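# Kindly return the folded structure for what I paste below:
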Amino acid sequence: MYFLLFMGGWGAVLPFINLFMARQGLSGTQIGGIIAAGAFFSLFAASFWTQLHVDSENPLAILAFTLIVSGLVTLLLGLQTAFLGIAIFYCLRMIFTAAHVTTGDLLALYVISGTQVCYGTIRFWGSLGWAIVVLITGWMNQKYSIRHGFFLYAALNLAAVFTLIAIREKPGGSAQARRNPLQYFKAIQDVSGLAPLLGINVLQLIISVGNLGIVNFETLYLNNLGAAEVLIGISCMVSSVVELPAMPLADRLIRKYGIRQMLLLALMINSIMRGLVLLLPGIWMIIVTRAVGGIAYSLLTVAIVESANRLSDRRHSGTALVVLAVIVPTVTSMLFSPLFGLLYDVFNTRFLYLVSLSGYLIAAFWLLWWKQPASSTPESCLK
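Residues are numbered from 1 along each chain as shown. Alright, predicted model coming up:
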């Protein structure tokens with residue numbers, strides 16, 4: 001239920017926030033600059049919140065606090081009309097939402113520890129929440145105004161807080177962890193260089209750089225092609241609908257074939273989808289490729305979380321999650337979002353599809369070339 005509500009809230013804002021900025025008169029370069037600034041603050045905030053979550057006696061109270069503040073800040077963001085106001089409240093929002101991704105994954109791994117349940121089974125409910133809410137938000141934004149999604153986000157965050165109360169056994173840091181807290185940034189440096197995770201870190205970096213332009217500007221491309229908010233909502237929903245069966249399926253496929261093979265399959269699917277949009281650009285082609293891309297997204301998401309969980313010891317699994325799921329994509333966004341905003345202004349979104357296609361192909365070649373040191377990881381982790 002927590003994943004359903006918390007990720008549903010993300011579906012009320014994330015697909016439309018760049019469109020909101022564009023409708024306030026901001027250029028692609030300005031939007032890219034704001035995203036980069038938000039990524040800068042999120043980079044440090046994610047590490048801080050995760051460290052606090054690991055060491056705290058009551059991490060769920062901290063998570064609830066960040067959900068409430070994030071909702072309030074997002075409401076204020078939706079009321080802004082000028083560049084400076086949007087930039088300030090966007091950055092504040094990123095500081096508090098940075099607490100939710102990694103801590104949510106840690107919470108899921110904690111709850112299923114010692115059971116036969118896999119991560120994808122819980123992540124399934126996040127996809128369901130996103131699929132429902134993004135469609136409702138598209139309709140609300142078209143019928144009323146694009147600001148209504150910000151109010152829905154705040155309401156869903158508040159509902160998510162109440163679901164945390166139902167988790168009776170509170171996950172908290174051990175007494176030893178509190179007496180000897182991790183030097184977090186040193187731990188991040190150590191984990192990043194671990195041989196088992198190094199190849200996955202590089203892979204995530206290549207994917208993040210190549211796909212950044214599409215992540216930031218595909219919604220604007222749909223809008224420029226004439227797609228109304230409802231159709232944009234549908235385009236964001238179809239991927240999540242596919243993820244509903246694909247997330248649990250990803251668990252089974254990774255168990256049977258291994259992480260490496262499923263990562264390679266996901267990269268090839270995404271490469272084909274980007275190529276189709278380049279050859280046959282249009283609203284419905286983007287919607288179709290997003291739907292098929294839901295399979296690749298499921299495989300990538302579950303594989304990345306499983307990589308962090310399997311390829312590092314339990315004490316460092318949270319740090320590994322921060323590196324793979326937060327730090328690598330966030331640093332990428334911080335460094336390259338202004339550049340992709342400029343490319344969007346100077347060229348067009350189709351050029352960004354070419355960059356994304358190239359990124360996925362380079363990532364696939366890297367995965368084929370990189371050889372996991374056999375002695376540095378549990379047997380058959382990557383097969």
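
# buried ones in whichever strand or helix holds residue 127?
Using DSSP states H and E, the element containing residue 127 is helix 119-143. Along helix 119-143, these residues count as buried under the neighbour rule (16 or more other Cβ atoms under 10 Å): 119-138, 140-142. C-beta here means a position set from N, CA and C on the backbone, and glycine is covered the same way.

# With stretch 229-239 instead?
Going by neighbour count (16+ other Cβ under 10 Å), the buried part of stretch 229-239 is 229, 230, 231, 232, 233, 234, 235, 236, 237, 238, 239.

# Tell me which residues are up against it.
By Cβ atoms under 8 Å, 6 or more residues apart in numbering, the surrounding residues in contact with stretch 229-239 are 11, 15-16, 19, 130-131, 134-139, 141-142, 146, 219, 222-223, 227, 283, 286-287, 290-291, 293-294, 297.

# Report the distance from that stretch to the chain centre.
Here stretch 229-239 shows a centroid-to-chain-centroid distance of 17 Å under the convention Cα atoms, centre = their mean, to the nearest Å.

# Please work out the average pLDDT along it.
Summarised as a single mean, pLDDT over stretch 229-239 is 88.

# Tell me who's in contact with the closest residue to residue 217 other than its chain neighbours.
Leaving aside its chain neighbours, residue 217 sits nearest to residue 344 (4.9 Å; criterion: Cβ to Cβ, 6 or more residues apart in numbering). Contacts for residue 344 (Cβ under 8 Å, 6+ apart) come out as 28, 32, 213, 216, 217, 220, 352.

# can you check residue 112 too?
Applying Cβ under 8 Å, 6+ apart, the residues contacting residue 112 are 118, 119, 121, 122.

# Can you lay out these as TSV showing pLDDT?
What follows is those, written out as TSV (pLDDT from 0 to 100):
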residue	pLDDT
118	73
119	74
121	78
122	83
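
# of those, closest to residue 93?
Proximity of the contacts of residue 112 to residue 93, judged by Cβ to Cβ, is greatest for residue 122, which lies at 24.8 Å.

# what sits against that closest one?
Contacts here follow Cβ under 8 Å, 6+ apart; on that basis residue 122 touches 3, 108, 111, 112.

# Try it again at 6 Å.
Residue 122 sits next to 3, 108 when contact means Cβ atoms under 6 Å, 6 or more residues apart in numbering.

# Ok, residue 225 next?
residue 283.

# can you rerun that using 8 Å?
For residue 225, the set of contacting residues under the criterion of Cβ under 8 Å, 6+ apart consists of 281, 282, 283.

# Could you check how far the second one is from residue 224?
Between residue 282 and residue 224 the distance, using Cβ to Cβ, to the nearest Å, works out to 12 Å.

# Which residue, other than its chain neighbours, is closest to residue 140?
Taking Cβ to Cβ, 6+ apart as the measure, residue 140 lies nearest to residue 148, with 4.3 Å between them; neighbours along the chain are not counted.

# what's the burial count for the one you found?
20 (other Cβ atoms under 10 Å).

# do you know how far it is from residue 80?
Following Cβ to Cβ, the distance that separates residue 148 from residue 80 is 15 Å.

# Check residue 349 too.
From residue 349 to residue 80 the distance is 25 Å (Cβ to Cβ).

# more neighbours, those two?
A count of neighbours by other Cβ under 10 Å puts residue 349 above the other of residue 349 and residue 80, at 23 against 18.

# wait, what's in contact with that one?
With Cβ under 8 Å, 6+ apart as the criterion, the residues that contact residue 349 are 213, 214, 217, 218, 220, 221, 224.

# Apply 6 Å and report the result again.
Neighbours of residue 349 in contact, by Cβ under 6 Å, 6+ apart: 217, 221.

# just the one 4 residues further on next, same as before
In this structure, residue 353 makes contact with 274, 277, 278, judged by Cβ under 6 Å, 6+ apart.

# redo that, cut-off 7 Å
Contact analysis of residue 353 by Cβ atoms under 7 Å, 6 or more residues apart in numbering lists 214, 274, 277, 278.

# which stretches of the chain have low pLDDT?
Along the chain, the model assigns pLDDT under 70 to residues 168-196, 308-322, 371-383.

# in it, which spans are strands?
Listed in chain order, the strands found in the chain under DSSP state E amount to none.

# Neighbours of residue 300, how many?
When neighbours are defined as other Cβ under 10 Å, residue 300 has 22 of them.

# I misspoke; the intended subject was residue 1.
Taking other Cβ under 10 Å as the neighbour definition, residue 1 ends up with a count of 14.

# Hmm, it is touching residue 163, no?
Yes - look at residue 1 against residue 163 with Cβ atoms under 7 Å: they come within range, at 4.5 Å.

# give me every residue that touches residue 3.
The contact partners of residue 3, taken as Cβ under 7 Å, 6+ apart, are 104, 122, 123, 125, 126, 129.

# With that, I have no additional questions.
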